[in-house]
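>>> below is the structure, and that's it, no one-letter string:
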């Protein structure tokens, strides 16, 4: 596994060459680009809990980045929704995220583009180094701003999370509400939370991560009926372990690269050895609700293993090691994450639909899922089961190819890295 410095993140960039002029760009989709024709400058005055205008009420399970993004969009569309989060408080892991240039149009429509830019830094390229500090190649990404109207940006994951969170009034989000069970029929969908309370709606969205309770309940029901494809009735293997973190504010004199108005993705490739070797394969079998983030405690042993690895940067051209950054990172902001590679084929059944990690795609892709799903939900004039199933089919047709492309790209780079490390 290659480990880059804490200013580095992996990302999926999705761009459609058939898009129009830069003024038309937002997020790529099957039809060219996402538009939000229902979007107003201010949230709708619709009473979220009591409105009965024929539009569906949406129950969103999971208050991660994807669930919040969907909530923001539904709020703007005047669609009834409630978000249920199993944790009493969500603490996004301390890491950076690369947000593609195509998100600029969406954030501008939501009225948060300037605040988003203020929280992050534009990213202009990718540099790959060997262990001895030699630059192997550079990829220039600055021209994407000419195509999309804005640069790619690096932003702290907690900052992006909090930016989305504050767009939604607190009464729409229910913390500490673990969903244990749901039932759906012709008339609607009902969820039961751990406190023995029931909540009824017309659409259930599983935005609850890689170990989605919504997906597992939906798949169990489909399997009992003999409707679950064999490809979705398998465990998720853990292919890699990733150490992530976010340092405290660094002294720009000691780290002169921070003086620049832009950021770059730096990656260091181990040539003669893997950075980390796992002595066994792991899977989630018999542990269906295991969290993929293993937390600060389990990360410390891995920190000791990798602290002497060289990384680019440093004062007066002197090389750095990961240990320099680890020592400047609060322990609670360091996590060890098991990375799973599995894109599920079944994204919806009845009134239930999956998005983001619940369907096998990541956080950035989850925002794109949220845009597509919000667009289709906003077209509903009635909450009938046939209409809901129809828009879910359109949603999957729009988003599945992009998710598959993202997964294929990840597997491609994974294969390249494997060949390098094992040479």
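Perfect, I can see it now. Keep in mind that what you see is a predicted model, and the values were worked out from it rather than measured.
>>> so who does the residue nearest to residue 63 when sequence neighbours are not counted touch?
Spatial nearest neighbour of residue 63, excluding adjacent residues (CB to CB, 6 or more residues apart in numbering): residue 85 at 3.6 Å. In this view, the C-beta of every residue, glycine as well, is placed from N, C-alpha and C. Applying CB atoms under 8 Å, 6 or more residues apart in numbering to residue 85 gives the contacts 62-63, 67, 173-177.
>>> now for those: which two are most distant?
Maximum pairwise distance in the contacts of residue 85, criterion CB to CB, is 15.0 Å, between 67 and 176.
>>> which stretches in the stretch 251-400 of the chain count as strands?
For the stretch 251-400 of the chain, applying DSSP state E, counting those that start in this stretch gives strands covering 263-269, 282-283, 310-311, 320-321, 334-340, 348-349, 352-354.
>>> pull the helix or strand with minimum mean pLDDT from the protein.
Here the helix or strand of the chain ranked lowest by mean pLDDT, DSSP states H and E is strand 282-283, holding a mean of 42.
>>> where does the prediction get shaky in the stretch 1-150 of the chain?
Counting by pLDDT under 70, the stretch 1-150 of the chain contains low-confidence ranges at 1-53, 92-94.
>>> could you pull out the helices for it?
65-77, 104-110, 113-119, 144-148 (DSSP state H, counting those that start in this stretch).
>>> quick one: residue 139 from residue 124, how far?
Using CB to CB, to the nearest Å, one gets 10 Å for the distance from residue 139 to residue 124.
>>> the more surrounded of the two?
Taking neighbours as other CB atoms under 10 Å, residue 139 and residue 124 compare with residue 124 leading, 20 against 11.
>>> surely the more buried one meets residue 153?
No. The pair residue 124 / residue 153 is not scored as a contact, 10.6 Å apart, by CB atoms under 8 Å.
>>> returning to that earlier point: return the most buried member of the helices of the stretch 1-150 of the chain.
Stretch with highest mean neighbour count among the helices of the stretch 1-150 of the chain: helix 65-77 (a mean of 27; mean count of other CB atoms under 10 Å).
>>> just how off-centre is that one within its chain?
Taking CA atoms, centre = their mean, to the nearest Å, one finds helix 65-77 lying 14 Å from the centre of the chain it belongs to.
>>> try stretch 379-399
Stretch 379-399 sits 23 Å away from the centroid of its parent chain (CA atoms, centre = their mean).
>>> same check, this time on stretch 377-391
Put simply, stretch 377-391 sits 26 Å off its chain's centre (CA atoms, centre = their mean).
>>> mind listing what's buried along that stretch?
Using 16 or more other CB atoms under 10 Å as the test for burial, stretch 377-391 gives 377-378, 380, 383, 388, 391.
>>> need the contact partners of that stretch.
By CB under 8 Å, 6+ apart, the list of residues contacting stretch 377-391 reads 38, 54-58, 74, 77, 79, 186, 188, 202-203, 348, 350-351, 376.
>>> just the buried members of those residues?
55-58, 74, 77, 79, 188, 202-203, 348, 350-351, 376.
>>> among those residues, which pair sits farthest apart?
Using CB to CB, the buried ones among the contacts of stretch 377-391 reach their maximum pairwise distance at 77 and 350, which is 22.3 Å.
>>> hmm, residue 315 and residue 253 touching each other?
Yes. If you go by CB under 8 Å, residue 253 and residue 315 touch, sitting 7.3 Å apart.
>>> of these two, which one has the most company?
For residue 253 versus residue 315, the count of surrounding residues by other CB under 10 Å is larger for residue 315: 12 against 9.
>>> excluding sequence neighbours, find me the nearest residue to that one.
residue 254 (5.5 Å).
>>> and the buried ones among the contacts of stretch 377-391 as a markdown table, adding distance to residue 166?
Shown next, in a markdown table, are the buried ones among the contacts of stretch 377-391 (distance: CB to CB, whole Å):
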| residue | distance to residue 166 |
| --- | --- |
| 55 | 25 |
| 56 | 25 |
| 57 | 23 |
| 58 | 20 |
| 74 | 16 |
| 77 | 19 |
| 79 | 20 |
| 188 | 30 |
| 202 | 27 |
| 203 | 25 |
| 348 | 30 |
| 350 | 33 |
| 351 | 30 |
| 376 | 26 |
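>>> what about stretch 191-200, start to end distance?
Its start and end residues considered, stretch 191-200 measures 7 Å (CA to CA, to the nearest Å).
>>> just to revisit the earlier point, so which of the helices of the stretch 1-150 of the chain gets nearest residue 225?
Between residue 225 and those, the shortest gap by CB to CB is with helix 65-77, which sits at 27.5 Å.
>>> elements contacting the closest one?
Judged by 3 or more CB pairs under 8 Å, 6 or more residues apart in numbering; DSSP states H and E, helix 65-77 is in contact with strand 57-61, strand 80-84, helix 104-110, helix 157-165, helix 363-378.
>>> show me what the first one is packed against.
Using 3+ CB pairs under 8 Å, 6+ apart as the contact criterion, the secondary-structure elements in contact with strand 57-61 are helix 65-77, strand 80-84, strand 188-193, strand 198-201, strand 203-206.
>>> give me the buried positions along the fourth one.
Of the residues in strand 198-201, those with enough neighbours to count as buried (16+ other CB under 10 Å) are 199, 201.
>>> that older thread, need the helices of the stretch 1-150 of the chain in a markdown table (columns: distance to residue 192).
Converted to a markdown table, these look like this (distance: least, CB to CB, whole Å):
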| stretch | distance to residue 192 |
| --- | --- |
| helix 65-77 | 19 |
| helix 104-110 | 33 |
| helix 113-119 | 37 |
| helix 144-148 | 44 |
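>>> which regions of the stretch 201-350 of the chain lie under the pLDDT threshold?
Ranges of the stretch 201-350 of the chain meeting pLDDT under 70: 237-240, 271-297, 316-318, 339-341.
>>> ok, the spatially closest residue to residue 221 that is not a sequence neighbour - how many residues close by?
The shortest distance from residue 221 to any non-neighbouring residue, by CB to CB, 6+ apart, is to residue 349 (7.2 Å). Using other CB under 10 Å, residue 349 has 19 other residues around it.
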